[in-house]
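Asks: Everything below, folded, please.
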Amino acid sequence: MVADSLSTTLHALSDPTRRAILDRLAEGEATVTELADPFDMTMPAVTKHLKVLERAGLIERGRDRQTRPCRLRAEPMREAAEWIDHYRRQWEDRFDRLERHLEKTQSKSRTKKRTK
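Replies: Below you'll find the predicted structure:
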């Protein structure tokens, strides 16, 4: 089964280690060694996380002599953000309707108490 780009992006973002790596790359390029430094894991484990991020298109690796610096590619996050935003707007609309309904109900309740 071939995953769509949104699924691949959301899968990559689902892991806290990968999100931390992306946070670090938001500050600028970093080598694999620099990215691995804050984590208590082996270099192969960090490399696996980087491969997931690379497959999702969230990072790219360059070549700089002996190192392969990684850099953030935020474009795939835009699709995820747009998808999430669609549902955020729906929930905000529902909460706004609920708020109006509660205000009406409370207003009617106060009016009934005053007329008694």
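
Asks: Which other helices and strands does the strand or helix carrying residue 102 contact?
Replies: Element membership of residue 102 [criterion: DSSP states H and E] is helix 75-115. If you count contacts as 3 or more C-beta pairs under 8 Å, 6 or more residues apart in numbering; DSSP states H and E, helix 75-115 packs onto helix 5-13. For every residue, glycine as well, the C-beta is placed using N, CA and C.

Asks: okay, the angle between the helix holding residue 102 and helix 5-13?
Replies: Between helix 75-115 and helix 5-13, the angle comes out at 90 degrees (axes from the mean of the first three to the mean of the last three C-alpha atoms, to 10 degrees).

Asks: Off-centre distance for helix 75-115?
Replies: When C-alpha coordinates are averaged (C-alpha atoms, centre = their mean, to the nearest Å), helix 75-115 and its chain have centres 23 Å apart.

Asks: Report the mean confidence score over it.
Replies: Confidence over helix 75-115 (mean pLDDT, whole number) is 86.

Asks: Likewise for stretch 6-19?
Replies: For stretch 6-19, the mean confidence score works out to 95.

Asks: Compute the first-to-last residue distance for that stretch.
Replies: End-to-end span of stretch 6-19 (C-alpha to C-alpha, to the nearest Å): 16 Å.

Asks: buried set for that stretch?
Replies: Residues of stretch 6-19 classed as buried under the neighbour-count rule (16 or more other C-beta atoms under 10 Å) are 8-10, 12-13, 17-18.

Asks: Between these, which sits nearest residue 79?
Replies: The shortest distance between residue 79 and any of the buried residues of stretch 6-19, using C-beta to C-beta, involves residue 9 and amounts to 6.6 Å.

Asks: So which residue is dead centre in this structure?
Replies: Relative to the mean C-alpha position of the chain, the nearest C-alpha, by C-alpha atoms, centre = their mean, is the one of residue 13, at 5.6 Å.

Asks: Excluding chain neighbours, what is closest to it?
Replies: The shortest distance from residue 13 to any residue that is not its chain neighbour, by C-beta to C-beta, 6 or more residues apart in numbering, is 6.2 Å, and that residue is residue 19.

Asks: could you list every residue that touches the closest residue to residue 74 other than its chain neighbours?
Replies: Distances taken as C-beta to C-beta, 6+ apart put residue 58 closest to residue 74, at 7.6 Å, once the chain neighbours are dropped. Contacts were defined as C-beta atoms under 8 Å, 6 or more residues apart in numbering; by that measure residue 58 touches 9, 12-13, 22, 72-74, 76-77.
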